[in-house]
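> need a structure here:
(chains A, B, C and D)
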There are 4 protein chains.
Amino acid sequence: MKKTEERKVLRDPIHGYIHVDLQVIWDCINAKEMQRLKRIHQLGGDYQVYHTAEHSRFAHSLGVYEIVRRMVNEVQALHDTLSEYEKTTVMLAGLLHDIGHGPFSHAFENISQLRHEEYTVKIIMEESSEVHQILENCHPHLSEDVASIIQYRHPKECLNQMVSGQLDADRMDYLLRDAYFTGTNYGKFDLERILRTIRVKDGKIVVKESGIHSVEDYIMARYHMYWQVYLHPVARSYEILLTSIFKRMKELYRKHLDFGKEVSMFVPFLKEEVASIQDLFLLDEGAALYGFSCLRNSEDEILRDLSRRILDRKLFEYETIHDEKEIEDIRKRVQDMGYDPSYYMHRDIVFQKPYAPYSGKNTAHAVWVLKEDGNISELEEASEIVHALTKADLKEEQKVYYPKEKL
Amino acid sequence: MKKTEERKVLRDPIHGYIHVDLQVIWDCINAKEMQRLKRIHQLGGDYQVYHTAEHSRFAHSLGVYEIVRRMVNEVQALHDTLSEYEKTTVMLAGLLHDIGHGPFSHAFENISQLRHEEYTVKIIMEESSEVHQILENCHPHLSEDVASIIQYRHPKECLNQMVSGQLDADRMDYLLRDAYFTGTNYGKFDLERILRTIRVKDGKIVVKESGIHSVEDYIMARYHMYWQVYLHPVARSYEILLTSIFKRMKELYRKHLDFGKEVSMFVPFLKEEVASIQDLFLLDEGAALYGFSCLRNSEDEILRDLSRRILDRKLFEYETIHDEKEIEDIRKRVQDMGYDPSYYMHRDIVFQKPYAPYSGKNTAHAVWVLKEDGNISELEEASEIVHALTKADLKEEQKVYYPKEKL
Amino acid sequence: MKKTEERKVLRDPIHGYIHVDLQVIWDCINAKEMQRLKRIHQLGGDYQVYHTAEHSRFAHSLGVYEIVRRMVNEVQALHDTLSEYEKTTVMLAGLLHDIGHGPFSHAFENISQLRHEEYTVKIIMEESSEVHQILENCHPHLSEDVASIIQYRHPKECLNQMVSGQLDADRMDYLLRDAYFTGTNYGKFDLERILRTIRVKDGKIVVKESGIHSVEDYIMARYHMYWQVYLHPVARSYEILLTSIFKRMKELYRKHLDFGKEVSMFVPFLKEEVASIQDLFLLDEGAALYGFSCLRNSEDEILRDLSRRILDRKLFEYETIHDEKEIEDIRKRVQDMGYDPSYYMHRDIVFQKPYAPYSGKNTAHAVWVLKEDGNISELEEASEIVHALTKADLKEEQKVYYPKEKL
Amino acid sequence: MKKTEERKVLRDPIHGYIHVDLQVIWDCINAKEMQRLKRIHQLGGDYQVYHTAEHSRFAHSLGVYEIVRRMVNEVQALHDTLSEYEKTTVMLAGLLHDIGHGPFSHAFENISQLRHEEYTVKIIMEESSEVHQILENCHPHLSEDVASIIQYRHPKECLNQMVSGQLDADRMDYLLRDAYFTGTNYGKFDLERILRTIRVKDGKIVVKESGIHSVEDYIMARYHMYWQVYLHPVARSYEILLTSIFKRMKELYRKHLDFGKEVSMFVPFLKEEVASIQDLFLLDEGAALYGFSCLRNSEDEILRDLSRRILDRKLFEYETIHDEKEIEDIRKRVQDMGYDPSYYMHRDIVFQKPYAPYSGKNTAHAVWVLKEDGNISELEEASEIVHALTKADLKEEQKVYYPKEKL
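The predicted structure follows:
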C-alpha cells in the first residue's frame, strides 16, 4: 500500500491525534463524499438538548478509523496475522461506514426508500463516486472488500467485528465522542484498557477475562448514554417534528399538490423509486434546513407551521402515558386546537437493554470472553453484572408528544 | 425582574452548567434570532483545519452570558453596587452580542454593507425582531440599554468592559471554548482565578496585582490561539475562497449577469442598499452552503469552480513571500493555468500583538491592575512580561494563496 | 458563627477550590490533629499498585467538607431549614470524620484495640486535643454534636446521612479523588447532577426520581473502583504483609521478647490496654515506615524479612484457589521454604455487592428515591438496574498469598 | 537487551500508561533505591500550599523514563540512529536521574556534604547498591554510561540533552505532573506536538521552526509554574523552617551537645565527612519527619519549637522588603520576642528568568531551532517572544520570613 509522503496527523480531542500514513486513506478523507459528512450532525437533533453536541459524522468517522488503526497495530494477534491489504481494508471500512447518511438520520429514513447502510454500499460500489474511484485505483477488489465488511459478510469474521459488533470501533468512538461534546460523563470508559485486553481466538475478536470489568463499564456507559442523550425526550421531540414534516411533504407530493418552491432538494426522496447517490449527495443538513426555511412561506399551513417549529425550536411537549384513556384525551385536545393528530401527535415507546446477548444466529455480534482456561464464553455468561442487567425487568417508557398551544 | 419557575440549567463542557433564572434571559435564548446562531459556526472555516471545531455561535453566546452572570454574582463589588436591572442588562448584552453575525463572519462582511456589530444593534432595536419584543415587554428601556453596552457607550464603564474589553467575558469564553473544541491546549487559562482577582476601582474593572500571573497566562493563551488556530493558513485559505466567491457574485450582479438559480438568499447582500434583518435572518451557513451547492451548476465557470472548491475542500495552496518578485512569478503561474488572479490569487499579511496597550483614547479597553498601594496602572506597566511582549519586534507574515493545479 | 477575615480558598483538582469562610473550620484545618493526616495515605498501600495514588487523608477530608458545604448551601431544602449552627456542625463532621485513622488503616486496626471511628470520637471529645479546644471555644455543645453525627446518632437524620450514608459526601469525594489520583476512569460520576437532584423528605435525604440514572452510575462507579483499586490483589498483598508484621510484633511483645530498638512508636499498641490519642498522634505512616526500616536490623528473623519486604516492595505472590487441596499444597511449599505459614501465608476472600439494600434496621443507610407521585421508595425498588445488580449471583474470589521464593 | 516476558504497563494520569519491555528497566524500577523514592515528595514542602501536591519522586522518575522512551521510539532520527544499547542507556538515565535525592531536597542539601546529583552517581557506581548490580549484570559498561549521561558528559550530546537540557524529559514531565497534582493549569503545554517537532541535527536535539509556538508555550508554562508553585512564599517558608532545623542540629552536633534521642538518622549528615549511600538510603522523608516528631521532646528549646512548627504547619510569616531599614526593624522584633534571628529570621531573594539563553559555554544546554533553510539558531534568536522575555527587566523579589508571634 502506497504511503503518504510524510505521516499526516489531525488533532482530535478524543484520540489526541488521528494518524494517517496510507495514501488511499488520505485520499478518501479528502473525497467529496467524506467532506459532505461535515455537513451532517453526528447526533441529529441532540444539539437541541445538549447545545454543544454539534459535532459531525465526519469527525466521528475519523475517530472510528483511528480506533481500527490502533487495533490492527496494537493488538498483537491482529498485527501479526492480518495482511497489509486486510488492515487497509478494515481501516477504510471504519472510515467510510457512515458515508451514506442522510440529514437527521432516523427521521429521514422514514421517507427515503433505502437505509443509510444501503446508501453507504452504493456510494462505495457505484462508479460515479469519488470514493469508489479512489478505492479502485488503489486495488481492483478494494471497494468490494470494504463493502463486504460494512455489510458484515467478509469471510474473516474479526474484520466485520471491528467495525460493527457490540464492542466495535464505531460504538467505542461514538460513546467517547458524544460524551465529550455533550459535556456529560456517562459515555466515558477505559478505551486503553479494552484495547489492551483484546485477543483473537478461532478468528474471532475476544476480550481477556481479566479485562471484563472494563467491558462491564463500557456496557453501562452505553446504557446511560442511551437514557441521558440518545433517547432524551427533547431530542425525540425534535425528531418527531422532522418525521411529521417529511410525512407531510410525502403526502402532498403523492397528491400532486404544490407545497413550496425551492424545496427541490427533497423531491427525489418523495418519489416511489430509489433516489440516486447524487441526490443524496446534495441533501445534507444545510440543504434540508434551507429547505425548511423556504417552507416557512409554503402554501400549506401544516408545512409552514412545522418548518417554523423546527427552525425556531418550538417543539412539541410530551407526557408519560399510563393508559389508553390518556391518549384519547390528548387526541381530543390536539383536535380542539385545530391540529391534525396525524402530524401533531406522536406516540413513542422507548426501551433499552444494556446488552443484547447472543441470540444463536450470529456468533460475532455478541461480545466474547476468553477465559483463563483458554475457552471462550459469551459476555452474559462470563459477567454476573451483565447477566443481571440482561435479566433485569426493564420498564418501557411510553410518551405522547403534541403541541400544548398554538404558535 | 421576573424569575423563571425553577432555575434552568444547560449542561456545558466549559462551564459545567449554564444557569438561568430570569425569564427575560430564558425567553431571549429561545427567540428565533438566538436559535439561528445554532446554524452559524463560531470559528467560520476553522473546522476545515481542526475537524472538531464545529461549535456554533449559539453555544459561545451562552458561555459569554454565563461568565457575565458569574461576574455580577461572584465579584463582590459588582454584586453589591449594580442594581438588579443593570445586572440583567449586562447579562443580556453578553448573551446577545453576536446575534448579528452572518455566515462565515469575516469573509461575508466583505460584501455586506454593515458589520455584524451594526446588525446586532439593529436586531435588538427594530420592532420586528422577536428579541426586541421580549426586551421591550420586560422593560421599556431595556433594548436601548442592552444596545448601549454592546456599542461600548453605556455610562457605567464597567458594564461595557465586561462585554468588550481586553479581559472580557467574550474573549474569556471563546479562548476556553475554542481550545476545548479544537482539542488544543493553547487557549487554557485560569478563569476561576481571574474571576477571584477582579475588583472595581473608580467604576472600572481592574485586577488585583496578586492575580497578574493569571492575566499574563491569559494574554499568552490568546497570543498562541491566534497563531495556532485563528490565523492558521488553511483556515485563511478557506476564508479566501469564500471572499472570492462573494466578490464574484457581487461583480456578476453589478453587471446584471444571471449566475444561477436558487441563490436568492445572497441577492439582498449584493445590492447597493443595506439588507434588512429579515434578509440576514434567512442567510445562515446552511443556506449559504446550499447556495454554493446550487452554484456547482452555475453558468459562470468561476462560480462553478469556487463553489466546488468550498464544498469539497479543494483549497488554495499558500507560500510565504519574501519579495515582490515572487509575487509576480505566482501571478504568472496563475494566469498560465487560465485562472483570473483577481479571484484566484490572494496576498495575505497577518500580524498579531499579544496585547494592545492603552493608546490614550479609551481608558477602558486596556487591562488595569490594582496595585497593592491602591493605585491602578495599565497592564503593560504592571507586568514586565507583558511589557516585553508588547515591545517585541514581532515579524509580519506575508503569504500568497493560489491554486497549484486545475481541479 | 464567626467568619474568617476574608474567604479562604484552597486549590483542589477535584472541586476546583475548597472554600472556607468560617473561623472554626479554618482553625480545625490548621489543628495539629488535622495536619497529621497529611502523613497518612488515603489509600494505604494502593500506591504500590497505582504509583500515583499518593494522596493523603488530609486532602480527602477537605474534599468531604467541601461537598457537605455545597450540600447545605446548594440543596434548597437544606439551605432553608438547617440553622447556621447545624450547618457548621455537619461541615465539621465531614472535615473531621477521618481524624482517628492510624497508619495503613485496615492492617493496623488488626492490632489496635480501637477502630478508627472510635479514635475519631475520642480526639473530638478529649480535652487534650487541639481540635476539641477549638470546637469548645466556638460553642459549648459543638464537639458533642460533631461527634454525634460521626456516630450516626444525631437526632436530625439528614445530618448523619450527609456524612455516612450510601450516598454521602465521604464516598462521593473518595470515588472522584481516588479516580483522579490513580488515573483510572472508573470512579467518575456526575457529582453536579446528583447535588442538583437531592431533596429532603420527612427529614431524610432523598434523590429525585429523574436523577436516578446518575445514582446508578455512581453505584457502578463504586463497584468498579472496588474491583479495580480497593481490592486489587497487589494492594491486598501489601496489606497482608503489614498485617503479618503487626501480628509478629504483638506476638513477640506478648512473650516479652526484645525485637528491636527504636520501634517505640508501636509499643503502646501492642499492649492490652487502649493506646491514648497521644500515642496515636505520634504513629503516622512516616513513623511506621521508619520503624520498619529499624526492624531491618531486628534480632528476629521474621521481622527482619517482613520489614524489608514492605520497604522494598518484595510482596507475596497470590493464587486463586478452588479447593482445600490447593491450600494444603501451598502450605507445604511455604513450610518447605522454611517459612512459618502463620506469617507467610494468608487466605483472603473478597466479595463485593454493588449496593447494600435496606435491611430493615437503619432506614437512613439506604438510598431513598423521591418518586414523581411524592412517595419515597428504596433505591433497589426504584431502579431495575440496581435491583438486578443486588440480586446478581456474584462470585466470591478466594486467593492465597505467599512468597514464591526466598529473598 | 533482554525483554520482559510480556510488556508491563503502569497506569499513569500524565502519560496514560508507562510502558516497560526491557528487563533491566523493570529490575531497576523494583530496586530498593528506586522504591525508596516513593518516600520522598517530588515537590518538597509544596504540599503545604497545594494540599494535593503529594506525589513522589518515584512517580516523576517513571514519567521521565516514559518521555525518553517515547523520544527514542517516536523521534524518527533518534529511532533510526541510536543503537539498542544507547536507547536503553538513556532510558535508564531518565529513570535513575533523581535517585540520590535526600528528604526535602534543597533544604537538606544545606547540611549534606554532597548534592543530590553526586549521590545519584555514587548510587549508580558503587558496588553495594542494588541498582549498580542490576546494571552491571546487564552490561559491563552500563552503570558508567548511565552515569555519564546524568553528568552531561556522554560523547553523544543528544543523549545528555534528553535528560538534562532546557527542553528535556525531566522538565517536561515535572511541569505536566506538578500541574496535574497541584490542580493548576499553569504547567500544561503540548507535549505531543513538541515530540512531533523534535529533530536531530549535527548530533544535537533541535526543534523544527514550525513547532516554535509549542516551545514558547512550554517556556511560559515553566515561568508561571515557578511563580505560582515552586517559589510560592508559603512553600519557601516551610523550606526555611527545614533549613533552620538542620542548621541548628549541625551547630549542636559541632558543639558536642546532646539534642535528642532517636534522631540517629540525621547524625551521619552532621559530620565533617561525606555520609555514605547507606546513610542516605535510610534517610527518607518518613524518617526525617519521625526524627522531627522525636525532637518535639528535645532538650534544646529551639529544636523543640522548630520541629513542632514543621509538623503542625505553624510556619513563619513573610513580608516583602524594600530597604535595609525594614530588615533591621524585623530583626529587632524577632529578638524582642526572645527568638534567635540566626534561626528565626531569613532573608530570601527570588528571581526567575523565563529562559536562560546560550551563554557560549555549553552549546547543548540551550534550545536549538531548526530553521526552514536547514540552519539552526538558538531559541532566543528564533523566537521574538522568547527574545523579549529574556530581555525583560524582571524584578527581583526580596522577602523576610520570621514568626509573628510565640507559639
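> do stretch A:185-204 and chain C meet?
Yes. Judged by CB under 8 Å from any CB of the partner chain, stretch A:185-204 and chain C are in contact via A:Asn185, A:Tyr186, A:Lys188, A:Phe189, A:Asp190. To be clear about C-beta, it is placed using only N, CA and C from the backbone, and glycine gets the same treatment.
> which of the residues in that stretch are buried?
Applying a neighbour-count criterion of 16 or more other CB atoms under 10 Å in any protein chain shown, one finds A:185-201, A:204 buried in stretch A:185-204.
> any idea how far the closest residue to A:Leu370 other than its chain neighbours lies from chain D?
Leaving out its chain neighbours, the residue that sits closest to A:Leu370 by CB to CB, 6 or more residues apart in numbering or on different chains is A:Val206, at 4.3 Å. Going from A:Val206 to chain D by CB to the nearest CB, to the nearest Å gives 17 Å.
> was I right about A:Val206 contacting A:Gly374?
No. Here A:Val206 lies out of contact with A:Gly374, judged by CB atoms under 8 Å, at a distance of 10.8 Å.
> neighbour-wise, which of these two wins?
Taking other CB atoms under 10 Å in any protein chain shown, A:Val206 and A:Gly374 do not tie; A:Val206 has more neighbours (24 against 7).
> in which helix or strand would I find the more buried one?
If you go by DSSP states H and E, A:Val206 is part of strand A:204-208.
> Only alpha carbons, please: show stretch A:269-289 as PDB.
Output of stretch A:269-289 as PDB, limited to C-alpha atoms (Å, rounded to 0.1, in the frame of the first residue of the first chain):
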ATOM      1  CA  PHE A 269     -36.900  11.200  -1.900                       C
ATOM      2  CA  LEU A 270     -40.600  11.700  -2.100                       C
ATOM      3  CA  LYS A 271     -40.900   9.600  -5.200                       C
ATOM      4  CA  GLU A 272     -41.600   5.900  -5.400                       C
ATOM      5  CA  GLU A 273     -38.300   5.000  -7.000                       C
ATOM      6  CA  VAL A 274     -35.000   5.000  -5.100                       C
ATOM      7  CA  ALA A 275     -33.200   8.300  -5.100                       C
ATOM      8  CA  SER A 276     -29.700   8.300  -6.600                       C
ATOM      9  CA  ILE A 277     -26.400   8.800  -4.700                       C
ATOM     10  CA  GLN A 278     -26.200  12.100  -6.500                       C
ATOM     11  CA  ASP A 279     -29.500  13.200  -5.000                       C
ATOM     12  CA  LEU A 280     -28.300  12.100  -1.600                       C
ATOM     13  CA  PHE A 281     -25.000  13.900  -2.000                       C
ATOM     14  CA  LEU A 282     -26.900  17.200  -2.400                       C
ATOM     15  CA  LEU A 283     -29.200  16.700   0.600                       C
ATOM     16  CA  ASP A 284     -27.100  17.500   3.600                       C
ATOM     17  CA  GLU A 285     -28.400  19.200   6.700                       C
ATOM     18  CA  GLY A 286     -27.600  22.700   5.400                       C
ATOM     19  CA  ALA A 287     -29.800  22.000   2.400                       C
ATOM     20  CA  ALA A 288     -32.500  20.400   4.500                       C
ATOM     21  CA  LEU A 289     -32.600  23.400   6.900                       C
END
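> Could you confirm whether that stretch reaches chain B?
Yes. Counting by CB under 8 Å from any CB, chain B has neighbours in stretch A:269-289: A:Leu282, A:Asp284, A:Glu285, A:Gly286, A:Ala287, A:Ala288, A:Leu289.
> Next: stretch A:63-82.
No. Stretch A:63-82 stays clear of chain B (CB under 8 Å from any CB), getting no nearer than 9.4 Å.
> Can you give me the end-to-end span of that stretch?
21 Å (CA to CA, to the nearest Å).
> Any buried residues in it, and which?
For stretch A:63-82, using 16+ other CB under 10 Å, the buried residues are A:63-72, A:75, A:78, A:82.
> For A:Lys255, give its distance to A:Glu301.
15 Å (CB to CB, to the nearest Å).
> scratch that, A:Glu136
From A:Glu136 to A:Glu301 the distance is 50 Å (CB to CB).
> Give the residue from these two that has the larger number of neighbours.
A:Glu136 (14 against 10).
> Can you tell me the closest non-neighbouring residue to the more buried one?
Nearest to A:Glu136 is A:Ser143, by CB to CB, 6+ apart, at 5.9 Å.
> List the buried residues in the host helix or strand of that neighbour.
Assigned by DSSP H and E, A:Ser143 belongs to helix A:142-150. Residues of helix A:142-150 classed as buried by neighbour count (16+ other CB under 10 Å): A:Leu142, A:Ser143, A:Asp145, A:Val146, A:Ala147, A:Ser148, A:Ile149, A:Ile150.
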